[in-house]
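**Q** Next come a sequence and a model predicted from it.
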Amino acid sequence: MADIVVKTHKKDENKFHFCGVMVGKSGTAATRTVTMRVATKHNNKLYINHPFILAFDQNVQEKVETIPLRVPVIVDGYITSRKP
């Protein structure tokens, strides 16, 4: 007879937390796109990623404009997806 294994999974939350350096800004009046440089270390190997973060809120866009480039920042937010 087979044993029944019950696993519990963590709740799926679409939140992100990035610590990195802001290396680029672009966008329109409706959205601002921020490019970051995020470094992670795994088994003494350094990995560099460049995620793009979009800001839709007007208050966030104003804050993005006040921060100069090449400054370390911490970004908290959530991820949304759209069907094409």
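**A** Alright, I've got the coordinates.
**Q** From here on, just use CA atoms for contacts and neighbour counts.
**A** Noted.
**Q** For Pro68, give its distance to Met22.
**A** 8 Å (Cα to Cα, to the nearest Å).
**Q** The two - which one has more neighbours?
**A** Taking neighbours as other Cα atoms under 10 Å, Pro68 and Met22 compare with Met22 leading, 21 against 12.
**Q** The more buried one: helix or strand, and which one exactly?
**A** strand 15-27 (DSSP states H and E).
**Q** State the pLDDT value of Ala39.
**A** Listed pLDDT for Ala39 reads 92.
**Q** Could you check how far it is from Pro72?
**A** Using Cα to Cα, Ala39 is found at 12 Å from Pro72.
**Q** just the CA coordinates of stretch 14-33, formatted as PDB?
**A** Provided in PDB are the C-alpha atoms of stretch 14-33 (Å, rounded to 0.1, in the frame of the first residue of the first chain):
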ATOM      1  CA  ASN A  14       3.800  38.500  -6.600                       C
ATOM      2  CA  LYS A  15       6.100  40.700  -4.600                       C
ATOM      3  CA  PHE A  16       9.700  41.600  -5.300                       C
ATOM      4  CA  HIS A  17      12.600  43.200  -3.400                       C
ATOM      5  CA  PHE A  18      15.600  44.400  -5.300                       C
ATOM      6  CA  CYS A  19      18.800  45.900  -3.800                       C
ATOM      7  CA  GLY A  20      21.000  47.400  -6.500                       C
ATOM      8  CA  VAL A  21      22.300  50.400  -8.400                       C
ATOM      9  CA  MET A  22      20.100  52.500 -10.700                       C
ATOM     10  CA  VAL A  23      21.900  52.600 -14.100                       C
ATOM     11  CA  GLY A  24      19.200  54.000 -16.400                       C
ATOM     12  CA  LYS A  25      15.900  55.900 -16.700                       C
ATOM     13  CA  SER A  26      13.600  56.400 -19.600                       C
ATOM     14  CA  GLY A  27       9.900  56.500 -20.300                       C
ATOM     15  CA  THR A  28       6.900  58.700 -21.100                       C
ATOM     16  CA  ALA A  29       4.500  60.800 -19.100                       C
ATOM     17  CA  ALA A  30       2.400  57.700 -18.200                       C
ATOM     18  CA  THR A  31       5.200  55.300 -17.200                       C
ATOM     19  CA  ARG A  32       8.800  55.500 -16.200                       C
ATOM     20  CA  THR A  33      11.200  52.600 -16.800                       C
END
